[in-house]
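>>> Structure here, sequence nowhere to be found:
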DNA sequence: AGTTGTGAAGGTATTCACAGCG
DNA sequence: CGCTGTGAATACCTTCACAACT
């Protein structure tokens, strides 16, 4: 059986938080997690309970970070090897990811970049190969790429997204401010600065609930 | 009374979608909005109903885009004039926002940038002034900046965030992969590529609900 | 006919409260 | 004791079904 969506999202972040703490392998209590994340401790415990962790991962002092993180990753279906991803659109924003260090040893890696401007492909340097857009279908299929990071100009966003879906991409991280339409079954995560600011205002407004 | 948080977030996106359609002022039905966004039409209608729109904004053919968008913006507490925002950390990612066009005539504008590297400040060009970090308190107070876009390297993220909170910032758009701890009352929207990919996997995993 | 608008029903997630365990 | 783990209670959001309107 699957986890509730909000639970899955919290756990995914929790795993990252645990991994970020690096050395610190001292047990971490639900109360401390509340401190760090703002999620109430009972929500944290419930989430972990739904996860169904092995008994060694929790002691009378709290949770064992490394074991808990691994349990989460497994349960959420993160592959053993990294998930291959690609960047689409290598303008200022897209090219900022070519040497992005945030991936570390996490479960994702960039394995390809695409841009329709061939000149640009020649100028840019990256640790992975860059391709002209017309090779998209071929490359995505061959490398088994699952996710795309969309950084094209707004006017091309929907078209590029449609194309990615055709190529078999299953999830899109959308850095453009365009609201994308996708077929059922494809996940989009909006990550545009505009969206994020809008969400902040919306949440601050929702506060008036009391 | 306030709106439910999910409703507020959907409406915020809907407003953007309506504004993006620019010229098209033909009425838009809840069924068409479902097409574009994937939200079921009854959810759309319920959201709009909770919003409490003026009667002119809906006809027997659908909603009047411009009027609806304005009603949403007002209800969500978007100011008449733009909300002032700042970018903190002007590396590859942060500096990509210096000439970002996505803001258009929307409700947000960047009015300041900060970086601790003074050399970098001299090299970069922007439509708004850039400052060394030590002027943060002064500038944020003087310009009434409400939101910050955090693009510093991971190792400095929490410290920079703490500082922003001290300066009176009320919301942070977090482009770093670090999970930030903030005091109650401050909103953080995580917008890092890592987070977004994690969320995608989490959501795809949650599907196994059937 | 085709649309919105909304009370009522249903489903999901959060919160509570306490049992259970080291 | 202080912590986790979890059924039960609550609150919240979504979905339904149909009335009202043009």
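Done, it's in. These numbers come from a predicted model, not from an experiment. Numbering: from 1, shown residues only, chains lettered A, B, ... in the order given.
>>> Distance of residue A:204 relative to DNA strand C?
17 Å (C-beta to the nearest atom of the strand, to the nearest Å). Every C-beta, even on glycine, is put in place using the N, C-alpha and C of the backbone.
>>> Then residue A:24?
Distance of residue A:24 to DNA strand C, given as C-beta to the nearest atom of the strand: 21 Å.
>>> Could I get the contacting residues of the closest residue to that residue other than its chain neighbours?
Counting by C-beta to C-beta, 6 or more residues apart in numbering or on different chains, residue A:24 lies nearest to residue A:65, which is 6.9 Å off, once chain neighbours are set aside. Residue A:65 is in contact with A:18, A:21, A:24, A:25, A:26, A:27, A:28, counting by C-beta atoms under 8 Å, 6 or more residues apart in numbering or on different chains.
>>> Looking at pLDDT only, which of these scores worst?
pLDDT across the contacts of residue A:65 is lowest for residue A:24, at 81.
>>> so what's the spatially most central residue of chain A bridging to?
Closest residue to the average C-alpha location of chain A: residue A:173 at 7.5 Å, with C-alpha atoms, centre = their mean. For residue A:173, the beta-bridge partners under DSSP bridges are residue A:149, residue A:189.
>>> What's the local residue count around residue A:74?
Here the number of neighbours of residue A:74 (other C-beta atoms under 10 Å in any protein chain shown) works out to 12.
>>> Hmm, residue A:186 and residue A:180 touching each other?
No: between residue A:180 and residue A:186 there is no contact under C-beta atoms under 8 Å: 9.1 Å.
>>> which neighbours do those two share?
Common neighbours of residue A:180 and residue A:186, counting by C-beta under 8 Å, 6+ apart, are residue A:172.
>>> And those two? Which one has more around it.
Per other C-beta under 10 Å, whichever of residue A:180 and residue A:186 has more neighbours is residue A:180, with 21 against 18.
>>> give me every residue that touches the more buried one.
A:150, A:157, A:158, A:161, A:172, A:174, A:188.
>>> quick one: the last one from residue B:179, how far?
As defined by C-beta to C-beta, to the nearest Å, residue A:188 lies at a distance of 22 Å from residue B:179.
>>> Please parse chain A into its domains.
A:5-75, A:83-196 (automatic domain parsing).
>>> got a list of what residue A:69 touches?
With contacts defined as C-beta under 8 Å, 6+ apart, residue A:69 is in contact with A:14, A:15, A:18, A:19.
>>> which ones among the residues you listed are found in strands?
Using DSSP state E, no member of these falls within strands.
>>> List, out of these, those positioned next to chain B.
Of the residues in the contacts of residue A:69, proximity to chain B by C-beta under 8 Å from any C-beta of the partner chain holds for residue A:15.
>>> sorry, back to before: could I get the domains of chain A in a markdown table, plus columns for distance to residue B:111?
Formatted as a markdown table, the domains of chain A follow (distance: least, C-beta to C-beta, whole Å):
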| stretch | distance to residue B:111 |
| --- | --- |
| domain A:5-75 | 28 |
| domain A:83-196 | 14 |
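>>> Show me what the longest strand anywhere in chain A is packed up against.
Counting residues, the longest strand found in chain A (DSSP E) is strand A:108-115. Applying 3 or more C-beta pairs under 8 Å, 6 or more residues apart in numbering or on different chains; DSSP states H and E, we find strand A:108-115 packed against strand A:83-88, strand A:130-132, helix A:136-143.
>>> and the last one with strand A:108-115, angle?
If you take axes from the mean of the first three to the mean of the last three C-alpha atoms, to 10 degrees, helix A:136-143 sits at 160 degrees to strand A:108-115.
>>> Residues in contact with the one helix or strand residue A:203 maps to: which ones?
Residue A:203 belongs to helix A:193-206 when assigned by DSSP states H and E. For helix A:193-206, the surrounding residues in contact (C-beta under 8 Å, 6+ apart) are A:177, B:2-5, B:7-9, B:11-13, B:15-16, B:75-78, B:83, B:85, B:97, B:100, B:102-103, B:106-108, B:147, B:149, B:170-171, B:173, B:187, B:189, B:191.
>>> filter these to the buried ones?
Buried subset of the contacts of helix A:193-206 (neighbour count, 16 or more other C-beta atoms under 10 Å in any protein chain shown): A:177, B:3, B:7-9, B:11-13, B:15-16, B:75-78, B:83, B:85, B:97, B:100, B:102-103, B:106-108, B:147, B:149, B:170-171, B:173, B:187, B:189, B:191.
>>> So which bits of the host helix or strand of residue A:121 are buried?
Per DSSP H and E, residue A:121 falls inside helix A:118-123. Buried residues in helix A:118-123, counted by 16+ other C-beta under 10 Å: A:120, A:121.
>>> Get me the contact residues on chain A for DNA strand C.
A:4, A:5, A:6, A:7, A:40, A:42, A:43, A:45, A:46, A:59, A:60 (C-beta under 7 Å from any atom of the strand).
>>> I'd like these written out as JSON lines, with secondary structure and pLDDT added.
Supplementary listing: these in JSON lines, determined by DSSP: H, G, I helix; E, B strand; the rest coil; pLDDT from 0 to 100:
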{"residue": "A:4", "secondary structure": "coil", "pLDDT": "94"}
{"residue": "A:5", "secondary structure": "helix", "pLDDT": "93"}
{"residue": "A:6", "secondary structure": "helix", "pLDDT": "95"}
{"residue": "A:7", "secondary structure": "helix", "pLDDT": "96"}
{"residue": "A:40", "secondary structure": "coil", "pLDDT": "96"}
{"residue": "A:42", "secondary structure": "helix", "pLDDT": "97"}
{"residue": "A:43", "secondary structure": "helix", "pLDDT": "98"}
{"residue": "A:45", "secondary structure": "helix", "pLDDT": "97"}
{"residue": "A:46", "secondary structure": "helix", "pLDDT": "97"}
{"residue": "A:59", "secondary structure": "strand", "pLDDT": "89"}
{"residue": "A:60", "secondary structure": "coil", "pLDDT": "89"}
